[in-house]
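**Q** fold the following.
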Amino acid sequence: MQLWQLLRDQVCGEGHKTSPDAADHRLAQAIQQEEYQALRLAISLRTLVLAAVTVLLTVELRWPLALSLYCYLAILAVSGWVQLWLRRPDRERPWMHWAFPMIDMTVLVAGIVLPNPFDPYPLPPPMQLGFDTILYVVLFLVLSGLGQSARIVFFSTVAAIVAWTAGTLFILWQPGVHLGYSFDNLATMDAAERTRYILDPWSVRLGEFTPRLILLAMIGLLMTVSVIRSRHLAARQVEAERARRNLSRHFSPHIAAQIAQMDDTLGQVKQLDAVVMFADLVGFTRISDHRPPAETVAMLRDVHGCLSRAVADSRGTLDKYLGDGIMASFGTPESGPHDASAALQAARTMLHGIEALNTRRQQQGQPVLQLAIGLHYGPLTLGNIGDESRVEYALIGETVNIAHRLEQMTRDLKAQVCLSQGFIDKLTAETRGDPGILRDMVMLKAQAIRGLRDRMAVWVLPQAGVTGDAGAQPQQPTIH
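**A** Presented below is the predicted three-dimensional model:
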């Protein structure tokens, strides 16, 4: 039933809600464009085939017998390019799906069965149906399949059957031609009777005519099903790719790829060590309160674009937008050997991006923006939360809370970036103790962080104009 439904949808153009290539208007347009490109290829190959047939007939028939056939071949060539011109996506009409196949098959069969005016010694008309001339009809049937249109293949099959039948009837109407049929088993005839029956040049044998029509129908049906199947698979691939792109708009590409491969709705829970980053604008409410809504949204788009590009360039995962900031992770969904280094590079890229953005804003008389970033490395739990109707991919654990607290601490510490000791330990291990990576960082004394029992040593990148000696542990206010 499913095959019959697909066949009906593709050939008749019905069943719009179930046809895979009509799932929506954009998908139908995309497939229509691909169908036109396939038609262009089919017409080009058709022209090459006609050129090859022209050479073949010239060698076999010689001049002037081949002259009559040149006319039919020229008509077929012109018909192909007219089809390509008329069947552009913006001007194609339903009648073209059956009209052009009928024209092609009629011209082709006419070239086979009509008398050659340049032949001084014509053969008996039934012999025109021999010499494997039906293979030319099959050849054009195959060429129709290259257009990737099930309707064209189906109507080409119908046109081939109708044209071949009409051509055979035309031969039967010629003087001296008769229909040859035998109700006796050929095996019961002696050799002479069988030879006379088979080789009678004035006989159109029913035993040859019927199997040829059946073979044409079978070949056409199989090709129609093949085209439908290929279009169905192409439509599913387009749908899958579109779904993957839609996921990428809501999730980082790494997470989107993992979600797309999930069989279970909620998926599996994973635990690993990774870097969590929080980046947020300082004083956003104060800035946005006195700005038009359109200007505020435009500013947020600029900031989000800057931050998300920095995360993507460092192969991080953008987990979510948080109003005027973001939450990102490095080392999810799979840990890597340079997660901390990538996170610090992303933080520096963000600061440079905001600096460039501030240059433009100052030129436009707008207030400058200040970015605060917190980074922590530690254990995380990854997985979907929610229910069967709606899920959200989430990072859970104390590491997330600490990274958020570090970002908030930058205000009182007069810092742009605040790093935990756990992050520094991971970074040191990755860089093998390279001191240059922390050249502009300042190590502070252990700080009290809300939600943690023990104090934690932190490193900061001071704001412009704030100085300190790295590792000297200058006195700073303690955060409670």
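
**Q** please compute how far stretch 80-99 lies from its chain's middle.
**A** Between the centre of stretch 80-99 and the centre of its chain there are 26 Å (Cα atoms, centre = their mean, to the nearest Å).

**Q** so the closest residue to Pro115 other than its chain neighbours: helix, strand or coil?
**A** The shortest distance from Pro115 to any residue other than its chain neighbours is 5.9 Å, reached at Pro122 (Cβ to Cβ, 6 or more residues apart in numbering). In this view, the C-beta of every residue, glycine as well, is placed from N, C-alpha and C. Pro122 falls in the coil class when you classify it by DSSP: H, G, I helix; E, B strand; the rest coil.

**Q** wait, doesn't Pro122 sit right on Ser68?
**A** No. Assessed by Cβ atoms under 8 Å, Pro122 is found out of contact with Ser68, at 11.4 Å.

**Q** neighbour count: these two, which is higher?
**A** More neighbours surround Ser68 than the other of Pro122 and Ser68, with 16 against 11 (other Cβ atoms under 10 Å).

**Q** quick one on the thing from earlier: mind checking how far the residue nearest to Pro115 is from Ile43?
**A** Using Cβ to Cβ, to the nearest Å, we find Pro122 at a distance of 34 Å from Ile43.

**Q** list residues touching both of Pro122 and Ser68?
**A** Counting by Cβ atoms under 8 Å, 6 or more residues apart in numbering, the shared contacts of Pro122 and Ser68 are Asn116.

**Q** for the closest residue to Gly378 other than its chain neighbours, phi and psi?
**A** In this structure, Gly378 finds its nearest non-sequential neighbour in Thr399, 3.6 Å apart by Cβ to Cβ, 6+ apart. Backbone geometry at Thr399, expressed as degrees, to the nearest 10, gives phi -60, psi -40.

**Q** and Asp200, by the same measure?
**A** Its backbone dihedrals place Asp200 at phi -60, psi 110, with angles given as degrees, to the nearest 10.

**Q** can you give me the strands in the stretch 201-350 of the chain?
**A** With DSSP state E, counting those that start in this stretch applied, the stretch 201-350 of the chain shows strands at 203-205, 270-281, 317-322, 325-330, listed in chain order.

**Q** any chance of these in CSV, plus mean pLDDT?
**A** Written out in CSV, the entries for these read as follows (pLDDT from 0 to 100):
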stretch, mean pLDDT
strand 203-205, 84
strand 270-281, 93
strand 317-322, 87
strand 325-330, 93
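
**Q** and those strands, which is most packed in?
**A** Neighbour counts (mean count of other Cβ atoms under 10 Å) averaged over each of the strands of the stretch 201-350 of the chain peak at strand 325-330, with a mean of 25.

**Q** and it, what other elements does it pack with?
**A** Contacts defined by 3 or more Cβ pairs under 8 Å, 6 or more residues apart in numbering; DSSP states H and E place strand 325-330 against strand 270-281, helix 293-313, strand 317-322, helix 339-363.
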